[in-house]
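[1] below is the structure, and that's it, no one-letter string:
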């Protein structure tokens, strides 16, 4: 739930799929996982849809069953107004598709607003067009009713975010939850250039079993859409990059060490050798303030557009 | 609940009592209301305790039954470290007395963190020593377990704050709620120089009957302590001041108009003649940023001291 | 310079002109002052251009010679995207006209970012497209070179803002200064619905003679464009409204008192009767956080558009 | 000047000295460098004073001549009020010693307030007791006159911070500048647990020769005291840690590679093999928001105490 306390080397289904493709036989790969690609608009926005359809797929990708839509674009952290417009338009469509006409919506911005790369969720919430309290809004046919909260992180509240959200869900009974969160990626090239939309909610540490920490249909009782953007690189991913650079520089000498290992093996190895104190750190780009400001604005625009388009 | 949308000309029991004293016979006044004064420490801190003991008192003062402790001091918005230390010490004692050994505490900072005089509650929450999530904390004998949230205002969330708080209370089951809020005062001299602590919770517009807007033991199911500091003057109070100045300047000519009326009559009159658009405004001191920062810090210190002193 | 410490009952030339029109003979009025009106676009944006051409005009309006452009629109604090686009387009054109091809620009956001209605200037600066440090930018023909700073107010820095700005101007030698500031208005209906653009800079307390506090071509050595939005009402203006309401309620009895006086007389009178402590207060709308956020964004967009359009 | 754009693997003279000790003969080391240690108070605060006395010392340590005082303490990012009091007391003394009775002081908070670990300088400025604008302050014998500014970083202003500061210095003529900045450290154990105070100002990239980027007595014309706290680890330092862990895990096989090299050799090697995109990242602890808040508060307290103690 909180990128800064994630245990995974990546939160992106897309990166897990890439790893799988590299290490697997083609046929084996397709068991329970389908992948499709598309170009969107004229500004270089790419969409990849990954569906995990059964337990076999779940096990292979290490992610729960569901749909994972990834939008990628070079200009996501940049100044190109046209690109941001295309992206928010497309985001509005995808939300409409995943929400299937549900009208009472609760948006939750996860993360710590005081830590720049983790402030994405709270910043999106700040710019949402909230309507649930507006008199007369509910009576208009087809209008979505939007509530929103950025509850902060456990170090600030003393409560699991899942507890706070569950309490509110049971009080106000939304039809669906939409959680917005910062994510960890493996590749620095994907930072601030990727949006992941899934219908699986957020279940950190698959199998680790901290249920209070899970925001899913199972724990909340309503469908949960998750919107995420990678803003940090995990320490193991950075370590992996550094090790690969080192091995490459050593030529034959290191041929059989590290670089040639499968990804999963690399991360297991790093988990053993790296000093525990390193896990208390995170890695983010120097221009993170500008990137988070811009992307959060585009996400808000997409959501606001979705909310308004349903009213007409 | 939200100072900026209050209908009362003052939220201070102390100011209502002063009005009553001016307009009432002494004996009548004491029906159901007791008042006591005390000097605290050496830095000019004054304490007034008002108890409303029955329905007669409730009706006279226009506030629900309970205890209203008011702390006043000239230096509250100023730089005097010694004063702030005495005040936070005393606040810690008063909290201990009102909370009667309850240990599982939920602190709620009410108000809009984006509007300077209304940011008091959210700022206090930011500096609290939160412990509920700390492993091992609960096992230690006598340790209070602190959770905290600043949920924002309805224009930001689409939800009544009462709904959010009730949802969380039903999920995490605290023994007591403590809500921190900015208040409206009548006199500009009380702004940022007064703290009101009561055991009645927050029930805006007594009798107006918006139950969702009420945070009291009745609606929450647990005792509610309210900590408030006046940071704005209500428009009717300001108008009253201006009218009094005017009447004074006119001498005999205005003798029977306004100035000589009872307070309640003045406010009824102003409610009729003032343009509706004025009610969309609020009034606050120019140095409000410094005052709110300092007072919120002293409140946090008092609470943190209370929380720590119980552990020993 | 700082709205919160202004002595004038309004900073808007438009309101001063309205007062003058009410109290003057027509011909007398036109001595040294010209006024023209225009509708802009399709969304209800109105423009009034007031030119003060000589000392006679200066004396009558109580403002220095120069051009004062006022843009007004009901939707300025609202959500209408189309309106905000028309307004930022028009603002870009007006800036181009006033800046006359000057290319090395320094933008200064005046005001206290910690006090909501005074945060307008600092917020505009946060969203500007700054270019002065970009390599290669200066070589491109016709590109404006943008630098920007929000220095804070004297209570935060210990320095007059004029001192800070003058020091920087003498070091980096811009061709023109553009200062953005929150203003005081007389009418609550103009709050957050008006932009004033002038080529006279900022000279607080005309005649009061605090030169350190002045940001004008005279003190800075380069032309100074001032962009302002009224976000507070002055206490005398509010008092005036309240008194007018009172007099109206009293019918004939008050016929010769206050209401019928000329504006200047009213303010002189209020200056005498109002308690000094009231001058330490300011008045602003309850929704000021949303209004300031939206308007500052539209101003930034207008400026960014102006800056980009000149590059092509 | 800006930690996020530093090229050095550490900004701490203490860490450079440790490296030197490891790689040098003792005698050679003492040429032009003196080092002394001390325990301060009862809470575990340690002080190391390094003096670089001539060019030989300058060359060996890669830092300009001057005094570098380092305060270290385990509890610096923690909650121990007693520790923070001892530290701010000691800081006040050290400032008094370095400032030698200079009275007109300008404090500059360097860094980007929008990026958590870089917000240290701006946060310190926010809590300073600024006095330069207070009437009567200057006349009191022995009172320091404090001005302060947090100008932001070049990506926000388009100006080198050195340009802004120089412009202001030439306008207001302080006797001394005190710059507060976040630093990069080599060891994650020093992050948020170390303060460096030096009388050398800030000269980034020794020899790189960007004079606009330098804030020293040479460029400013007045003495410059620098106060810094390491809040980020440089990428090369992290890479070095990771490589050392790897080599250790490989036993004899890697005996002659990397781990046994001198530090300078390691960093030269990493500079060659690491991908350029990694240099766009920075590394900081997960609890950085709390740490920066607490340390900035202690620094402000120390400075305010120094400023007040001189008045008596």
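    Perfect, thanks for sending it. The structure displayed is predicted, hence computed values, not measured ones.
[2] from residue A:230, how far out is residue A:18?
    Distance, residue A:18 to residue A:230, using CB to CB, to the nearest Å: 14 Å. C-beta: built from backbone N, CA, C; applies to glycine.
[3] compare these two (neighbour count), which wins?
    residue A:230 (29 against 16; other CB atoms under 10 Å in any protein chain shown).
[4] chain center to whichever strand or helix holds that one, what's the gap?
    Using DSSP states H and E, residue A:230 sits in strand A:224-233. Distance of strand A:224-233 from the chain centroid (CA atoms, centre = their mean, to the nearest Å) equals 2 Å.
[5] what do you get for stretch A:273-291?
    Distance, centroid of stretch A:273-291 to centroid of chain: 18 Å (CA atoms, centre = their mean).
[6] could you do stretch A:174-187 as well?
    4 Å.
[7] hang on, the earlier thing: and the helix or strand following the strand holding residue A:230, what does it pack onto?
    Once the chain leaves strand A:224-233, the next helix or strand it forms, by DSSP H and E, is helix A:235-250. The contact analysis (3 or more CB pairs under 8 Å, 6 or more residues apart in numbering or on different chains; DSSP states H and E) places helix A:235-250 against helix A:263-273, strand A:281-285, helix D:235-250, helix D:263-273.
[8] which residues touch helix A:235-250?
    With contacts defined as CB atoms under 8 Å, 6 or more residues apart in numbering or on different chains, helix A:235-250 is touched by A:9-10, A:184-188, A:254, A:257-259, A:263, A:266-267, A:270-271, A:274, A:278-279, A:281-283, D:238-239, D:242-243, D:246, D:257, D:272-275, D:278, D:281, D:283.
[9] show me what from the stretch 201-312 of chain A comes close to chain C.
    Within the stretch 201-312 of chain A, no position lies close to chain C (CB under 8 Å from any CB of the partner chain).
[10] got the contact list for the residue of the stretch 201-312 of chain A found nearest chain D?
    Residue of the stretch 201-312 of chain A nearest chain D, by CB to the nearest CB: residue A:289 (3.9 Å). Under the criterion of CB under 8 Å, 6+ apart, the contact list for residue A:289 reads A:116, D:112, D:114-115.
[11] what is the neighbour count of the residue nearest to it when sequence neighbours are not counted?
    In this structure, residue A:289 finds its nearest non-sequential neighbour in residue D:114, 3.9 Å apart by CB to CB, 6 or more residues apart in numbering or on different chains. By other CB under 10 Å, the residues close to residue D:114 number 20.
[12] which strand or helix spans residue D:114?
    Here residue D:114 is assigned to no helix or strand, by DSSP H and E.
[13] I'd say it and residue A:117 touch.
    No: using CB atoms under 8 Å, residue D:114 makes no contact with residue A:117, being 11.4 Å away.
[14] now whichever residue of the stretch 101-250 of chain A sits closest to chain D: how far from chain C?
    As assessed by CB to the nearest CB, chain D sits closest to residue A:114 within the stretch 101-250 of chain A, at 3.9 Å. Using CB to the nearest CB, to the nearest Å, residue A:114 is found at 17 Å from chain C.
[15] what's the answer for residue A:235, then?
    Taking CB to the nearest CB, one finds residue A:235 at 31 Å from chain C.
[16] what's the pLDDT at that residue?
    We have a pLDDT of 89 for residue A:235.
[17] that one: neighbouring residues, count only.
    Neighbours around residue A:235, by other CB under 10 Å: 21.
[18] cool, and the one 4 residues further on?
    Taking other CB under 10 Å as the criterion, the count of residues near residue A:239 is 27.
[19] about what we covered before: return a PyMOL selection command for the buried portion of the contacts of helix A:235-250.
    In PyMOL, this line selects whichever of the contacts of helix A:235-250 come out buried by 16 or more other CB atoms under 10 Å in any protein chain shown:
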select buried, (chain A and resi 9+10+184+185+186+187+188+254+257+258+259+263+266+267+270+274+278+281+282+283) or (chain D and resi 238+239+242+243+246+257+273+274+278+281+283)
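[20] sorry, back to before: need phi/psi at the residue of the stretch 101-250 of chain A closest to chain D.
    Main-chain torsions, residue A:114, degrees, to the nearest 10: phi -90, psi -10.
[21] wait, it sits on residue D:114?
    No: counting by CB under 8 Å, residue A:114 stays clear of residue D:114, with 11.2 Å between them.
[22] after the helix or strand bottoming out on mean pLDDT in chain A, next one along is what?
    Lowest by mean pLDDT, DSSP states H and E among the helices and strands of chain A is helix A:26-29, with a mean of 58. Sequence-wise, the next helix or strand downstream of helix A:26-29 (DSSP H and E) is strand A:33-40.
[23] count the neighbours of residue A:67 for me.
    Residue A:67: 19 neighbours (other CB under 10 Å).
[24] contacts only, for the nearest residue to residue A:54 once chain neighbours are set aside.
    In this structure, residue A:54 finds its nearest non-sequential neighbour in residue A:32, 4.2 Å apart by CB to CB, 6+ apart. For residue A:32, the contact set (CB under 8 Å, 6+ apart) comprises A:52-58, A:60.
[25] by neighbours, which of the residues you listed wins?
    residue A:52 (25 neighbours).
[26] for that residue, name its beta-bridge partners.
    Counting by DSSP bridges, residue A:52 forms beta bridges with residue A:33, residue A:66.
[27] now do the contacts for it.
    So residue A:52 contacts A:13, A:32-33, A:58, A:61, A:63-66, A:68 (CB under 8 Å, 6+ apart).
[28] again, only this time at 10 Å
    A:13, A:17, A:32-34, A:58-68, A:198, A:200 (CB atoms under 10 Å, 6 or more residues apart in numbering or on different chains).
[29] what comes up buried for the longest helix anywhere in chain A?
    Looking across chain A with DSSP state H, the single longest helix is helix A:288-309. Within helix A:288-309, the residues scored as buried using 16+ other CB under 10 Å are A:288-308.
[30] pLDDT on that helix, on average?
    93.
[31] check stretch A:271-278 too.
    88.
[32] so how far is it from its chain's centroid?
    25 Å.
[33] then stretch A:98-115?
    On CA atoms, centre = their mean, the centre of stretch A:98-115 falls 12 Å from that of its chain.
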